[in-house]
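Engineer: Pasting the sequence and the predicted coordinates here, then a few questions.
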Amino acid sequence: MVRIKSSQKFFTEEEVASLTGICVEHLRGLARNKHLGTVAAAAEAAGIRAEKWLFTNSDLMIVNLLQPRCQH
């Protein structure tokens, strides 16, 4: 069971990974395959564009049901 604050609307990929025990690589793969979450492109200070995944509460619950915890 995953416990979250009811006021929180979006979760970053790092938050989802720590809450569910799924590594970021597996999380991104699952998000792409199952069309979960949204990609937010963030401009870094050095001018490098980085992709960050954002997940809703519903996405978090689906990820938790579909993907077991990573063992590596």
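Structural biologist: Sure thing, it's come through.

Engineer: Now the residue nearest the centre of the chain: closest residue in space that isn't a chain neighbour?
Structural biologist: By C-alpha atoms, centre = their mean, the chain has its centre lying nearest to residue 13, at 3.2 Å. Distance criterion C-beta to C-beta, 6 or more residues apart in numbering; nearest residue to residue 13, sequence neighbours excluded, is residue 53 at 4.2 Å. Every C-beta, even on glycine, is put in place using the N, C-alpha and C of the backbone.

Engineer: Secondary structure class of the one you found, three-state.
Structural biologist: Counting by DSSP: H, G, I helix; E, B strand; the rest coil, the backbone at residue 53 sits in strand.

Engineer: so what's it up against?
Structural biologist: By C-beta atoms under 8 Å, 6 or more residues apart in numbering, the residues touching residue 53 are 12-13, 16, 27-28, 31, 37-40.

Engineer: count of neighbours near residue 23?
Structural biologist: Applying other C-beta atoms under 10 Å, we find 15 residues neighbouring residue 23.

Engineer: Please tell me how far it sits from residue 39.
Structural biologist: Remark: distance between residue 23 and residue 39 (C-beta to C-beta, to the nearest Å) = 18 Å.

Engineer: Residue 10 now?
Structural biologist: Counting by C-beta to C-beta - residue 10 and residue 39 are separated by 13 Å.
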